[in-house]
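Enquirer: just a sequence and a predicted model for now, questions to come.
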Amino acid sequence: MIDKNFIFPKGFIWGAATASYQIEGAWDEEGKGESIWDRFSHTPGKVYNGDTGDVACDHFHRWPEDLALMKEIGLHAYRFSIAWPRILPAGRGQVNQAGLDIYSRLVDGLLEADIEPYLTLYHWDLPQQLQDEGGWPARTVVDAFCDFADVLSRALGDRVKYWTTLNEPFVSAFVGYEEGRHAPGHTDLHEALGASHHLLLAHGQAVPVIRANVPGAKVGITLNFSPQAAASPSVADRDAANWADGHINRWFLDPLAGRGYPGDMVKGFGDEMEFVQPADLETISTPIDFLGVNYYTRNIARSKDVGEKENAPVTAHPNEEHTEMGWEVYPDGLYNILGRLHFEYGFPAIYITENGAAYKDQVGPDGRVDDPARLSYIKRHLEKVSQAIDIGVPVKGYFAWSLMDNFEWAFGYSKRFGLIYVDFETQKRILKSSAKWYGQVISANALD
Ligand code: FCB
């Protein structure tokens with residue numbers, strides 16, 4: 001049963017999220033071009049078990065069934081992303097009408113079911129052709145992104161009001177171009193820095209394009225946040241925590257908030273950053289209507305510059321509880337991040353655009369999927385959202401990651417994040433007990 005104290009402000013939006021490459025499949029159907037994730041997952045050794053998104057949840061064909069499940073849960077809103085190469089197979093230029101039609105039908109279906117579409121333009125599946133021209137490290141991608149934003153907002157702007165330009169540019173730039181764990185799999189810091197700048201610039205340049213095409217649009221961007229704790233009070237560990245905070249949190253937040261790139265990080269990276277042109281920072285800080293927050297865990301930072309023997313003993317330890325990703329369960333981190341965003345940066349509205357956990361779910365002998373750990377994870381994080389609202393943080397909605405089990409990037413199908421269980425052999429879907437509980441929370445918080 002739902003605790004009476006678990007009641008959120010009137011109008012609070014309850015949703016669930018997905019991303020195109022993680023669920024759609026149909027990777028080469030109906031005129032779709034190749035994306036960097038198609039190329040990457042087809043490259044041996046890049047993704048666990050050789051898994052690819054070729055079929056994924058087959059959502060491309062089964063979306064009406066998935067929509068019915070969203071309805072059954074009682075979602076107010078659905079956050080999904082657009083496969084750019086479905087719309088513009090070569091990244092720019094020729095529009096593939098069939099690709100537009102698919103999303104248009106999905107949007108119509110959502111609205112008919114009274115589910116508000118929250119559209120993300122870019123959740124990591126860059127057209128391969130643009131990568132061949134240099135990808136995000138090349139400035140030419142910025143105009144291509146604006147064309148994409150223009151085509152989409154013209155086509156769907158009469159029905160879609162909530163637009164997110166990018167999902168987690170940190171991951172696109174640094175995991176894709178410096179760490180190489182994601183597409184396109186490069187390992188070059190200079191490229192990653194250029195990519196981060198062009199992602200931010202593409203965002204800033206696209207905001208007015210969307211606003212021009214969509215009357216009353218709400219436009220924002222989603223960042224991933226991870227609070228950093230120093231492993232000990234040593235100067236080295238505090239420096240390490242500050243560095244990680246600068247890299248993951250401030251590198252994107254500060255320029256968006258009009259503060260430019262954080263000086264300590266620019267110095268630390270020691271890069272010329274010749275790709276930053278005079279008016280860019282102004283474009284990047286174009287005011288947004290909301291900030292999307294993705295939160296999963298915190299990080300405890302230990303210096304790598306000072307040897308274990310010379311450093312102070314570790315005094316900050318993670319909680320025992322971890323998810324299947326190996327991520328510490330740390331709900332307080334969400335409260336901290338929300339408080340900091342509000343008091344230090346002051347965005348007009350915040351949505352939790354992702355929060356959730358992977359566990360080893362199994363179908364029981366009775367055909368049900370019981371996932372108490374996920375339910376508890378979500379519940380404890382929602383309690384923190386509620387506490388943040390109590391201290392004045394303008395959190396307007398919460399999207400569970402994910403609506404359904406899906407292709408978890410380099411982990412393939414080995415990590416299940418869904419409220420809905422997916423049997424990847426048969427494509428059968430089963431609502432997990434967390435989905436049913438989430439549905440009760442939603443109905444206890446009915447919109448009217
Ligand atoms: C986020 C991504 C999302 C999913 C979750 C677990 O970084 O935005 O696609 O992979 O992590």
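Expert: That came in fine, so what should we check first?
Enquirer: wait, what's in contact with Ala183?
Expert: Contacts here follow CB atoms under 8 Å, 6 or more residues apart in numbering; on that basis Ala183 touches Ser35, Ile36, Trp37, Arg39, Phe40, Ser41, Lys46, Trp124, Leu126, Gly176. Just so you know, the C-beta spots here come from the backbone N, C-alpha and C atoms, and that holds for glycine as well.
Enquirer: so, low pLDDT: which residues of the stretch 301-448 of the chain?
Expert: Within the stretch 301-448 of the chain, the set of residues satisfying pLDDT under 70 comprises 447-448.
Enquirer: the same query, at a cut-off of 90, please.
Expert: Residue ranges of the stretch 301-448 of the chain with pLDDT under 90: 445-448.
Enquirer: what residues does it put near the ligand?
Expert: Applying CB under 6 Å from any ligand atom, one finds that the stretch 301-448 of the chain approaches the ligand through Glu354, Trp401, Glu408, Trp409, Phe417.
Enquirer: quick one, strands of the chain?
Expert: In order along the chain, the chain carries the following strands (DSSP state E): 13-17, 77-81, 116-122, 162-167, 218-225, 228-230, 290-295, 299-301, 350-354, 395-401, 420-423, 428-431.
Enquirer: mind giving me the packing neighbours of the fifth one?
Expert: When you say that, I think you mean strand 218-225. Contact partners of strand 218-225 among helices and strands, from 3 or more CB pairs under 8 Å, 6 or more residues apart in numbering; DSSP states H and E: strand 162-167, helix 169-170, helix 189-213, helix 251-256, strand 290-295, strand 350-354.
Enquirer: so which of the ones you listed gets nearest Leu100?
Expert: Nearest to Leu100, of all those, is helix 189-213, at 13.8 Å by CB to CB.
Enquirer: give the buried residues for that closest one.
Expert: Going by neighbour count (16 or more other CB atoms under 10 Å), the buried part of helix 189-213 is 190-207, 209-211, 213.
Enquirer: same deal with stretch 404-417?
Expert: Applying a neighbour-count criterion of 16+ other CB under 10 Å, the buried positions in stretch 404-417 are 404-413, 415-417.
Enquirer: the residue lying closest to Glu408 once chain neighbours are set aside: what's it in contact with?
Expert: With CB to CB, 6 or more residues apart in numbering as the criterion, Glu408 has its nearest non-adjacent residue at 4.1 Å, and that residue is Lys415. Contact criterion CB under 8 Å, 6+ apart gives Glu324, Met325, Ala358, Glu408 as the residues in contact with Lys415.
Enquirer: could you dump the residues you listed into JSON lines and include distance to Arg238?
Expert: Putting the contacts of Lys415 into JSON lines (distance: CB to CB, whole Å) gives the following:
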{"residue": "Glu324", "distance to Arg238": "31"}
{"residue": "Met325", "distance to Arg238": "26"}
{"residue": "Ala358", "distance to Arg238": "31"}
{"residue": "Glu408", "distance to Arg238": "33"}
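Enquirer: my guess is Val363 contacts Val422. True?
Expert: No. Val363 sits out of contact with Val422 when judged by CB atoms under 8 Å, with a separation of 10.8 Å.
Enquirer: and these two? which has more neighbours close in?
Expert: Neighbours were tallied for Val363 and for Val422 using other CB atoms under 10 Å; the higher tally belongs to Val422 (25 against 14).
Enquirer: how much space between that one and the ligand?
Expert: Taking CB to the nearest ligand atom, to the nearest Å as the measure, Val422 and the ligand are separated by 15 Å.
Enquirer: residues contacting that residue?
Expert: Counted by CB under 8 Å, 6+ apart, Val422 has contacts Cys57, Met404, Asp405, Asn406, Lys428, Arg429.
Enquirer: can you pull the contacts of Glu408?
Expert: When the contact criterion is CB under 8 Å, 6+ apart, the partners of Glu408 are Gln22, Ala358, Ser414, Lys415, Phe417.
Enquirer: what's the pLDDT at Asp3?
Expert: The confidence metric pLDDT takes the value 69 at Asp3.
Enquirer: chain center to stretch 128-143, what's the gap?
Expert: 21 Å (CA atoms, centre = their mean, to the nearest Å).
Enquirer: what's the first-to-last distance across that stretch?
Expert: 16 Å (CA to CA, to the nearest Å).
Enquirer: quick check: the farthest pair among the contacts of Val422?
Expert: Pairwise distances among the contacts of Val422 were taken by CB to CB; the largest, 14.6 Å, belongs to Asn406 and Lys428.
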